[in-house]
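Peer 1: Got a sequence here, can you build the structure:
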Amino acid sequence: MSNTKLLLRNQTAVITGASGGIGGAIAIALGKAGANVVINYYKDEEGAKETQQAIVDAGSKAFILKGDVGKEEDVIELFQKAKETFGAVHILINNAGIQIDEPFLSLSYESWKQVIQTNLSGAFLCAREAAKCFDEQGVDEEVSKASGKIVFISSVHDTIPWSGRVNYATSKGGMKMMMKSIAQELAPSKVRVNSISPGAIKTPINEHEWGNKEGEQKMLAKIPYGRIGEPDDIGGVAAWLVSDQADYITGTTVYVDGGMTLYPSFQEED
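Peer 2: So this is what the prediction gives:
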């Protein structure tokens, strides 16, 4: 993977759920690559401000907008503000997501709806509005070979079943087919659509697992490469995937998981 420095100059990226963790790391990586960044957040305003400052320190522009990706009116406003501020939208990183864990027999319909609404319906709404922007703009080869790029931030659980988290795994499995269907439909219009599926990544949401020795060892047992991922691992891949260096890639999922999808429990012991 080549150096992505300034590969995204003169492009505008909308990143949902960018107040920290994976979304924040992606926002900063794209900012370092020269993109203007629209930082969407839902709750953590301070985290969003920290992401914004890091992008400004890297020499790019960024603004913050609160919104719920599961609400159509919030998503429409997000893209309207992006166009008003920067003139165009070239990149969408569909990162916002939630996880509500409950055993299947006691999984409430409300918990099911919340996860599907944010993770799947929210990703659909953002992708649709981004695609409208790309369609209006067309291709400007001085900016990018593509008219637009969409990246869904999914999970290894779009492939690996996950007991006790049926709602979450279903949302990610559905996202995978949504990505492929959109990619197939929009490819003739020079829109590239892909997914990144992270494995175990050190973020605040799962610190209760990797933050102690026992939990860390349990996670590492699932990772052949022998380390837990960092948000920057995803940020670097995202910046490359939306650059022209990846122009011939669409409809693909990149698993950034240290080998978790290799089913390490089937490894032969020495």
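
Peer 1: quick one: low-confidence parts of the protein?
Peer 2: Scanning the chain for pLDDT under 70 picks out the ranges 1-4, 269-270.

Peer 1: For it, give the strand that spans the most residues.
Peer 2: If you go by DSSP state E, the chain has its longest strand at strand 191-198.

Peer 1: State the number of residues packed around Glu185.
Peer 2: By other Cβ atoms under 10 Å, 12 other residues sit near Glu185. For glycine as for every other residue, the C-beta is placed from the backbone atoms N, C-alpha and C.

Peer 1: about what we covered before: partner strands of the longest strand of the chain, parallel or antiparallel?
Peer 2: strand 148-153 (parallel), strand 253-256 (parallel) (DSSP bridges).

Peer 1: Mean neighbour count, the ones you listed: which tops it?
Peer 2: Comparing the strands paired with strand 191-198 by mean neighbour count (mean count of other Cβ atoms under 10 Å), strand 148-153 comes out on top with a mean of 27.

Peer 1: coming back round to it: got the CA positions of the helix or strand following the longest strand of the chain in PDB?
Peer 2: Sequence-wise, the next helix or strand downstream of strand 191-198 (DSSP states H and E) is helix 207-210. This file holds the C-alpha atoms of helix 207-210, laid out as PDB (Å, rounded to 0.1, in the frame of the first residue of the first chain):
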ATOM      1  CA  GLU A 207     -12.300  -1.900  26.500                       C
ATOM      2  CA  HIS A 208     -13.900  -4.100  29.100                       C
ATOM      3  CA  GLU A 209     -12.700  -7.100  27.100                       C
ATOM      4  CA  TRP A 210      -9.100  -6.100  26.100                       C
END
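
Peer 1: Please spell out which residues along the next helix or strand along the chain from helix 207-210 are buried.
Peer 2: Using DSSP H and E, the helix or strand that follows helix 207-210 in sequence is helix 213-220. Residues 219-220 are the ones in helix 213-220 that count as buried (16 or more other Cβ atoms under 10 Å).

Peer 1: Kindly report the same for stretch 100-117.
Peer 2: Here stretch 100-117 shows 107, 111-112, 115-117 as buried, counting by 16+ other Cβ under 10 Å.

Peer 1: Please enumerate the strands of this protein.
Peer 2: Counting by DSSP E, the strands of the chain are 12-15, 36-41, 62-66, 91-94, 148-153, 191-198, 253-256.

Peer 1: Quick one: distance of stretch 235-243 to the chain centre.
Peer 2: Distance, stretch centre to chain centre, for stretch 235-243: 11 Å (Cα atoms, centre = their mean, to the nearest Å).

Peer 1: And for the closest residue to Gly20 other than its chain neighbours, the neighbour number?
Peer 2: Of all residues not flanking Gly20 in the chain, Gly47 sits nearest, at 4.0 Å (Cβ to Cβ, 6 or more residues apart in numbering). For Gly47, the count of nearby residues is 18 (other Cβ under 10 Å).

Peer 1: quick one: Gly47 from Ala54, how far?
Peer 2: Distance, Gly47 to Ala54, using Cβ to Cβ, to the nearest Å: 11 Å.

Peer 1: ok, now Gly70?
Peer 2: From Gly70 to Ala54 the distance is 27 Å (Cβ to Cβ).

Peer 1: Dig out what Val256 forms beta bridges with.
Peer 2: Beta bridges link Val256 to Pro198, judged by DSSP bridges.
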